[in-house]
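Visitor: need a 3D model of the sequence below.
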Amino acid sequence: MRILLLLLIATLASTTVWAQRNERVQDGYDTLRLRLEAKKVVAYSNGLATILVDYKDFSKEFYSFYKRHAREMRSYYRQKRKGDVVDTNWERMFPGLTAFYNSARSQAAESDTIRLNQADLTRYGFGPPIQFDYLMDKGRCIIEDQDHTLHFMILRKLKAWRSGPLEGWGGRLYFLPGRIVPFYSGTDWVS
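Guide: From the prediction side, this is the model:
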């Protein structure tokens, strides 16, 4: 009788674990209307689309991104002088970020459109320099597809999933109308 009871408990526990591992938390679409009124624009390409944002929005957030990494680089060099080198990738990463930053500044001085590419940052191990998803959520940008068509309306898919107590993701996926591959994603939480 005890064996039967233990078997029943084990079966119920495994069924509960299986149900938790395949649980979908959230899934839904909504439409975002976009607009941009700016004298100076940053055209940021990620390989799937180009996100056009106001230079003021971009520069404010990008400057703090750059300064944060500059502080980390100074800390790295202090550790290196002491002999406590932890991450040798910094010597490769930071000059690339500095070149990207200087390119953005020099283009801003010469033109009303600053063209930047995510591939230039990815090469050095960096993701997007600002949170474009928040600007899309506020409607403060325009999206240009690979055919150079401007989109003033995009789809946002709220998505979250869990497949265990420490396995999950929640965020937003952004789609151009008629496309099945998202051109951008924003992460809200990771477990």
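Visitor: who does Trp169 form a beta bridge with?
Guide: Trp161, Val190 (DSSP bridges).
Visitor: ditto for the one 5 residues further on
Guide: The bridge-partner assignment for Tyr174, based on DSSP bridges, gives Arg156, Tyr184.
Visitor: list the residues that contact it.
Guide: 32, 133, 136, 154-157, 182-186 (CB atoms under 8 Å, 6 or more residues apart in numbering). C-betas here are computed from N, CA, C, even on glycine.
Visitor: please enumerate the strands of this structure.
Guide: In the chain, strands defined by DSSP state E lie at 23-33, 41-45, 50-54, 113-117, 141-144, 150-151, 153-164, 167-175, 184-190, listed in chain order.
Visitor: next, format those as a markdown table and append mean pLDDT and distance to Gly125.
Guide: Output for the strands of the chain, formatted as a markdown table (pLDDT from 0 to 100; distance: least, CB to CB, whole Å):
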| stretch | mean pLDDT | distance to Gly125 |
| --- | --- | --- |
| strand 23-33 | 76 | 30 |
| strand 41-45 | 97 | 18 |
| strand 50-54 | 97 | 21 |
| strand 113-117 | 95 | 15 |
| strand 141-144 | 97 | 25 |
| strand 150-151 | 96 | 30 |
| strand 153-164 | 91 | 26 |
| strand 167-175 | 93 | 21 |
| strand 184-190 | 92 | 17 |
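Visitor: need the ones you listed in TSV with distance to Arg123, can you?
Guide: Below are the strands of the chain laid out as TSV (distance: least, CB to CB, whole Å):
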stretch	distance to Arg123
strand 23-33	30
strand 41-45	14
strand 50-54	18
strand 113-117	10
strand 141-144	23
strand 150-151	27
strand 153-164	27
strand 167-175	24
strand 184-190	19
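Visitor: for the ones you listed, which one sits closest to Tyr101?
Guide: strand 113-117 (10.2 Å; CB to CB).
Visitor: check which residues of that closest one are buried.
Guide: 114, 116-117 (16 or more other CB atoms under 10 Å).
Visitor: going by distance to Tyr124, which of the residues you listed wins?
Guide: Asn117 (12.4 Å).
Visitor: who does the closest residue in space to the closest one that isn't next to it in sequence form a beta bridge with?
Guide: Using CB to CB, 6 or more residues apart in numbering and skipping the chain neighbours, the partner closest in space to Asn117 is Ser45 (4.9 Å). On the basis of DSSP bridges, Ser45 is bridged to Thr50, Asn117.
Visitor: correct me if wrong: Ser45 contacts Gln118.
Guide: Yes. At 6.6 Å, Ser45 and Gln118 qualify as touching, with contact defined as CB atoms under 8 Å.
Visitor: wait, what's in contact with Phe62?
Guide: Contacts for Phe62 were tallied using CB under 8 Å, 6+ apart; they are 101, 104, 129-130.
Visitor: tell me the pLDDT at it?
Guide: Looking at Phe62, its pLDDT reads 93.
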